[in-house]
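Trainee: Here's my sequence, what's the structure:
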Amino acid sequence: MKVHPSFLVSDYLLWALVVAVLVYVVYVCKNRHLLESWSLIAKNSITMVAVVVFCFYFFICLLDSIHLRIDSKSYSRDQVSVLDLVLPSHMVQSETTYSAPLSQSLYVKSLLSDHAGNSYRGHALLLGNKARLSTKSLRIRQSLLILEGVIIGLALGLFCHILFLIIFSYKKNISIWSCFNNIWQGKTRFALKSFWLTMFGCFIVLSVMFLLSINYHVMGTTQVGVDVLYETLKSIRTGIVIGTFTTVFMLPFALVLGSMAGYFGSIYDDVIQYIYITLSSIPGVLLISAVILVMQVYINQHAELFPTVSMRADIRLIALCIVLGITSWATLCRLIRAETLKLKQMDYVAAAKTQGVKPISILFKHILPNVMHIVIITVVLDFSSLVLAEAVLSYVGVGVDPSTFSWGNMINSARLEMAREPVVWWPLLSAMLVMFGLVLSANLLADSVRDAFDPKH
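Mentor: The predicted model follows:
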């Protein structure tokens, strides 16, 4: 078996973003005023819970952003990610059609044969289930797996906690027991108790889900037999890519044009205002539909540039991020323009002008650093709205490629499944729950960022 790296364009961009975040973390550690602002966020218990949950989402996204091409009979030269290799094989493989959550058989009846060769209609067993268990035996077996998962999750959390206590106690030059008491009695500077309670909860949930997924489909399967939990986890990457890349593409327009309009005024201000007012007047869905249609035509006419389905879907995803960034920079541009109008009247800007400092230097050294609190607040607040925007756009058919795993595509498919009899409810519920967890954690983090960086608070 041969393994070859096969990174997509979005993979490179995502890992470049990770490097940029790490550079920013180093920069924050060297600037005390920024470090104090971020420290305020770590003192809030609810925020620490949101940070841990968001980090688990982002960790899954990173695992799904390392793509490989494996030459073997089992993978048939298909492109897979590290997440696919980590997940149980039973979750990755597809069934025939629908199956309910934690079921041992298909949801719909099919034509079966007994040992005597007689045909009858019944519920076929899922792959990996060799014998049909009674309902009581099935529930007992699943309960034992849940208990085992809880024990393993607690063990993993306890191992990480002990390791943290050893390092923390050594750094603070106190005993491990004193460090333990300080954390669980809430005597630490940061909300470490909430942090570790959430860590234990995440480890338990992941362990239980992993053990159950070895033999069962925890969230059931779709009409084509794809594991719903697998599809939901793969959709995390799409949601985070939309939220982060759109922000990255939006920032240059908002920062440069907003600061230029506020500082230079005159014809610059008039032209820039005309641009973003005109852009804001165009219905966003129409503009996105036009760009996606043009991109699709270009891909079809230049198929040699995109030899695989994954590459075509990835380019469409990047195009969606770009067009969302182009259509959403106007609001931040207005805020930066208004803040720049106020800052250019400050004494330190006037002093810089009298000393002959060039306007470009004033913008980069005096204006932009003092509007970054608005940028940080807006970026974090817009992340959750962009995740929801992807779901809405994919639902109406102008979002990501249909072959891409996304919550919008899941909701679009579940729309028809809700009209079935009996109702297939688990794909919609799974997409809503996981998307709710990401959006809620992002919103809670955004509120804390606003409180920490907004000068009015």
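Trainee: Which secondary structure state does Ala155 sit in?
Mentor: Classification of Ala155 using DSSP: H, G, I helix; E, B strand; the rest coil returns helix.
Trainee: how deep is it tucked in, by neighbour count?
Mentor: Per other Cβ atoms under 10 Å, the neighbour tally for Ala155 reads 12. To be clear about C-beta, it is placed using only N, CA and C from the backbone, and glycine gets the same treatment.
Trainee: residue contacts, it?
Mentor: Contacts for Ala155 (Cβ atoms under 8 Å, 6 or more residues apart in numbering) come out as none.
Trainee: Apply 10 Å and report the result again.
Mentor: By Cβ atoms under 10 Å, 6 or more residues apart in numbering, the residues touching Ala155 are Phe203, Ser207.
Trainee: what does the model give it for pLDDT?
Mentor: If you check Ala155, the pLDDT there is 94.
Trainee: One more: Asp64?
Mentor: Residue-level confidence at Asp64 comes out at 90, pLDDT.
Trainee: Residue ranges in the stretch 51-200 of the chain under the pLDDT threshold?
Mentor: Across the stretch 51-200 of the chain, the ranges flagged by pLDDT under 70 are 71-78, 110-117, 120, 128, 130-131.
Trainee: Helices of the stretch 51-200 of the chain, residue ranges please.
Mentor: For the stretch 51-200 of the chain, applying DSSP state H, counting those that start in this stretch gives helices covering 82-86, 89-92, 135-172, 176-184, 192-213.
Trainee: Show me the shaky parts of the stretch 201-350 of the chain.
Mentor: By pLDDT under 70, the stretch 201-350 of the chain has no low-scoring segment.
Trainee: how about the strands in it?
Mentor: Applying DSSP state E, counting those that start in this stretch to the stretch 201-350 of the chain gives no strands.
Trainee: For it, which segments count as helices?
Mentor: Per DSSP H, counting those that start in this stretch, the stretch 201-350 of the chain carries helices over the ranges 228-264, 266-281, 284-301, 309-327, 330-343, 347-354.
Trainee: Return the most buried member of the ones you listed.
Mentor: Comparing the helices of the stretch 201-350 of the chain by mean neighbour count (mean count of other Cβ atoms under 10 Å), helix 228-264 comes out on top with a mean of 23.
Trainee: Run the chain-centre distance for that one.
Mentor: Counting by Cα atoms, centre = their mean, to the nearest Å, helix 228-264 is centred 12 Å from the centre of its parent chain.
Trainee: next one: stretch 405-425
Mentor: Put simply, stretch 405-425 sits 21 Å off its chain's centre (Cα atoms, centre = their mean).
Trainee: Over to stretch 214-234?
Mentor: Averaged C-alpha coordinates place stretch 214-234 at 19 Å from its chain's average position (Cα atoms, centre = their mean).
Trainee: so which of the helices of the stretch 201-350 of the chain gets nearest Phe200?
Mentor: helix 228-264 (20.8 Å; Cβ to Cβ).
Trainee: Taking helix 330-343 as reference, get the angle to that closest one.
Mentor: If you take axes from the mean of the first three to the mean of the last three Cα atoms, to 10 degrees, helix 228-264 sits at 40 degrees to helix 330-343.
Trainee: Now do helix 228-264 against helix 309-327, angle only.
Mentor: Angle of helix 228-264 versus helix 309-327, following the same axes, to 10 degrees, is 30 degrees.
Trainee: All further residue positions should be reported with the first residue as 651.
Mentor: Right, with 651 as the first residue, what we last looked at is helix 878-914.
Trainee: all helices of the stretch 1001-1107 of the chain, in order?
Mentor: Assigned by DSSP H, counting those that start in this stretch, the helices in the stretch 1001-1107 of the chain fall at 1009-1012, 1022-1046, 1057-1067, 1076-1103.
Trainee: in this protein, which residue is closest to the centre?
Mentor: Central residue of the chain (Cα atoms, centre = their mean): Ile890, 3.0 Å from the mean position.
Trainee: Nearest spatial neighbour of that one, chain-adjacent residues omitted?
Mentor: Cys711 (4.5 Å; Cβ to Cβ, 6 or more residues apart in numbering).
Trainee: returning to that earlier point: export the helices of the stretch 701-850 of the chain as CSV, with columns for distance to Pro1072.
Mentor: Conversion of the helices of the stretch 701-850 of the chain to CSV gives the following (distance: least, Cβ to Cβ, whole Å):
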stretch, distance to Pro1072
helix 732-736, 31
helix 739-742, 24
helix 785-822, 18
helix 826-834, 47
helix 842-863, 23
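Trainee: Relative to Lys821, how far out is Leu842?
Mentor: Per Cβ to Cβ, to the nearest Å, Leu842 is found 13 Å from Lys821.
Trainee: which of those two has more neighbours?
Mentor: Each of Leu842 and Lys821 has its neighbours counted (other Cβ under 10 Å); Leu842 has more, 22 against 9.
Trainee: Quick one: residues contacting the more buried one.
Mentor: Contact analysis of Leu842 by Cβ under 10 Å, 6+ apart lists Ala692, Ser695, Met698, His811, Phe814, Phe818, Cys829, Asn832, Ile833, Trp834, Gly836, Met849.
Trainee: Neighbour-wise, which one of the residues you listed leads?
Mentor: The most neighbours of any of the contacts of Leu842, using other Cβ under 10 Å, belong to Met698, which has 25 neighbours.
Trainee: So it is in contact with Leu690, correct?
Mentor: No: Met698 is not in contact with Leu690 according to Cβ atoms under 10 Å; the separation is 11.9 Å.
Trainee: anything in contact with each of those two?
Mentor: Ser1098.
Trainee: follow-up on the earlier one: looking at the helices of the stretch 701-850 of the chain, which is closest to Ala988?
Mentor: Counting by Cβ to Cβ, Ala988 lies closest to helix 842-863 out of the helices of the stretch 701-850 of the chain; the figure is 36.4 Å.
Trainee: which parts of that closest one are buried?
Mentor: The neighbour-count check on helix 842-863 (16 or more other Cβ atoms under 10 Å) flags 842-850, 852-854, 856-863 as buried.
Trainee: distance between the ends of stretch 1012-1020?
Mentor: Criterion Cα to Cα, to the nearest Å; first-to-last residue distance in stretch 1012-1020 is 11 Å.
Trainee: That one: how far from the chain's middle?
Mentor: From the chain centre to the centre of stretch 1012-1020 is a distance of 31 Å (Cα atoms, centre = their mean).
Trainee: swap in stretch 983-998?
Mentor: Distance of stretch 983-998 from the chain centroid (Cα atoms, centre = their mean) equals 33 Å.
Trainee: Over to stretch 987-999?
Mentor: Mean C-alpha position of stretch 987-999 versus that of the full chain (Cα atoms, centre = their mean) differs by 36 Å.
Trainee: Ok, stretch 1072-1088 next?
Mentor: 16 Å.
Trainee: Then stretch 960-975?
Mentor: Relative to its parent chain, stretch 960-975 has a centroid offset of 16 Å by Cα atoms, centre = their mean.
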